[in-house]
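1. make a model of this:
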Amino acid sequence: MSDGEIDLIPVDEFPADDEMGFGEEYNWVIAPHGRHREMGRISLRLGESACVYAFGHIGYHVDPPYRGHRFAEKACRLIVPVILRSGKDSVVITCDPDNLPSRKTCEALGCELERIIEVPAWIRAQWSISRVKCRYIWDLKS
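-> Residues are numbered from 1 along each chain as shown. As a prediction, the model looks like this:
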């Protein structure tokens, strides 16, 4: 997938983790168009579970040298057809409350802040995740 500026290159290096309830999962490297240099990653999880509630359906990161160019937003927009093909018309993106760049990405996508949640202790104990997360809903129908 490409928008002419970035490409999403599929990767299958993450084995399915039924314990997390992520369901069907897709992972891509974010790369400059036509090049295989990794600038970040984006994941799409199509399941519904307590872990997805805390981690979100979409997870992304952009490596420090490439931040500030809206690559996370562009990558999210590129995966919309995959989301829609799955039958979902809205997804959740979570981020730490102090992660202003990620919050700005969610706002640029048109996401609505649903609430700020405290991540259950059992999830924090088992997986590396912050204590508190902002839950944004991205409604793809609008």
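2. would Gly59 count as being in a strand?
-> Yes: checked against DSSP: H, G, I helix; E, B strand; the rest coil, Gly59 lies within a strand.
3. now for it: which residues touch it?
-> 42-43, 45, 93 (Cβ atoms under 8 Å, 6 or more residues apart in numbering). For every residue, glycine as well, the C-beta is placed using N, CA and C.
4. tell me the bridge partners for it.
-> Using DSSP bridges, the bridge partners assigned to Gly59 are Ser43.
5. hang on, the earlier thing: pull out the buried members of the contacts of Gly59.
-> Buried subset of the contacts of Gly59 (neighbour count, 16 or more other Cβ atoms under 10 Å): 42-43, 45, 93.
6. closest one of the residues you listed to Ser128?
-> Comparing the buried ones among the contacts of Gly59 against Ser128 with Cβ to Cβ places Ser43 closest, at 14.7 Å.
7. quick one, grab the pLDDT at the closest one.
-> In this model, Ser43 is scored at 96, pLDDT.
8. could you do Glu5 as well?
-> Glu5 is given a pLDDT of 96.
9. ok, and what's touching stretch 71-90?
-> In contact with stretch 71-90 (Cβ under 8 Å, 6+ apart) are residues 1-3, 5-6, 8, 24, 26, 28, 30, 39-40, 42, 44, 46, 57-58, 60-62, 91, 93, 101-102, 105, 108-109, 137-141.
10. swap in stretch 26-35?
-> 1-14, 36-44, 60, 62, 71-72, 75, 79, 82.
11. change it to 7 Å
-> Identification of contacts with stretch 26-35 by Cβ atoms under 7 Å, 6 or more residues apart in numbering yields 2, 4-11, 14, 37-44, 62, 71, 75, 82.
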